[in-house]
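# Here you go, sequence then predicted model.
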Amino acid sequence: MDAILLAGGTITEDDPLFELTGGGKKALTPIAGRPMVQWVLDAICQAQQVEHVVVVGLEEEVGSGGLKPVHYLSDGGSMLANAKAGFEFVHMSRPDQEQVLLASSDIPTITPEIVDWRILGAQEHGADLDYAVVTRATMEARFPDSRRSFIRLRDVEVCGGDLNVLHIGLVENEQLWERIIAARKNAFRQASLLGWDMLFLVLTRRVTLENAERLVSKRLGLDGRVTISPYAELAMDADKPEQAALLEQDLLRSNPQI
């Protein structure tokens, strides 16, 4: 499977990470002595199930160590534009690809094993959209100070992951992408983008994760699947200085040679 790594976006003065970076590309935020995106790119390139990688939003400022072919596309100005550019590139250069792994550049603690697990599970089910979630219990066991927001359902509390698999044809549904991207960082918006009745069910805890999966698929008109990840790393992103510091400490512990 090919992978698209979204690395666009510039940090502005009102961004919490501005004090850490002084501006510039968020993907190049220094984490444990390296650009944040480099950690993600290395994990993807070392995964056995990945064939090609498309990095969208950067020039050739980071490398892959030659493990897999890596293509760089310039920043299109928005997450939607970058995702669409990546999907179009894969579709034109690798027309045999039906599913694509979509990753963000701010999950630096993922590993090749996590990437392979994600791809193999999605290929087995073949859904249009295979969306990963992490339970509060899993997240807090791995990263007690994560400060992530969670959606509280009847049977479980979850947060969304940033390592997902999509059918390549979905990129043409711009309205769907705009709604999903707008809701990406807010748990309640993730529910409300499906309608206020869905949000009511979430707020009153009347829906289980299985029911939510079925409702989402029906509402969005696609074959959707929710995968509960045993790996908190794919949902532990760096949006605030304290989260970046947490991730840096974790990487330094697991990479003592740095």
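Cool, got the structure.
# okay, CA-based contacts and neighbour counts for the rest of this
OK.
# contacting residues for the most centrally placed residue in the chain?
In the chain, the centroid-proximal residue (C-alpha atoms, centre = their mean) is D162; its distance is 1.6 Å. D162 makes contact with 102-104, 107, 132, 234-235, according to C-alpha atoms under 8 Å, 6 or more residues apart in numbering.
# Over to R214?
Applying C-alpha under 8 Å, 6+ apart, the residues contacting R214 are G224.
# tell me the phi and psi of it?
When read as degrees, to the nearest 10, the backbone of R214 gives phi -70, psi -40.
# any idea of the pLDDT on it?
The model reports R214 with a pLDDT of 84.
# start the count at 42, not 1, going forward
Right, with 42 as the first residue, what we last looked at is R255.
# who touches D147 in this structure?
Shown in contact with D147 (C-alpha under 8 Å, 6+ apart): 68, 77-78, 81, 278-280.
# what does L288 give?
72, 149-150, 279.
# mind saving the C-alpha coords of the helix or strand that contains it as CSV?
Per DSSP states H and E: L288 is located in helix 282-295. Provided in CSV are the C-alpha atoms of helix 282-295 (Å, rounded to 0.1, in the frame of the first residue of the first chain):
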residue,chain,number,x,y,z
PRO,A,282,4.3,22.7,23.8
GLU,A,283,3.5,20.3,26.7
GLN,A,284,2.6,17.6,24.3
ALA,A,285,5.7,18.1,22.2
ALA,A,286,7.8,17.9,25.5
LEU,A,287,6.0,14.7,26.4
LEU,A,288,6.7,13.1,23.1
GLU,A,289,10.3,14.3,23.1
GLN,A,290,10.9,12.6,26.5
ASP,A,291,9.3,9.4,25.3
LEU,A,292,11.5,9.3,22.2
LEU,A,293,14.7,10.0,24.1
ARG,A,294,13.8,7.1,26.5
SER,A,295,13.3,4.7,23.6
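# Show me the helices in the stretch 42-191 of the chain, by range?
59-62, 77-87, 120-134, 153-166, 177-183 (DSSP state H, counting those that start in this stretch).
# would CSV of these with mean neighbour count be doable?
Compiled in CSV, those are given as follows (neighbours: other C-alpha atoms under 10 Å):
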stretch, mean neighbour count
helix 59-62, 16
helix 77-87, 23
helix 120-134, 20
helix 153-166, 17
helix 177-183, 17
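# Alright, calling it a day.
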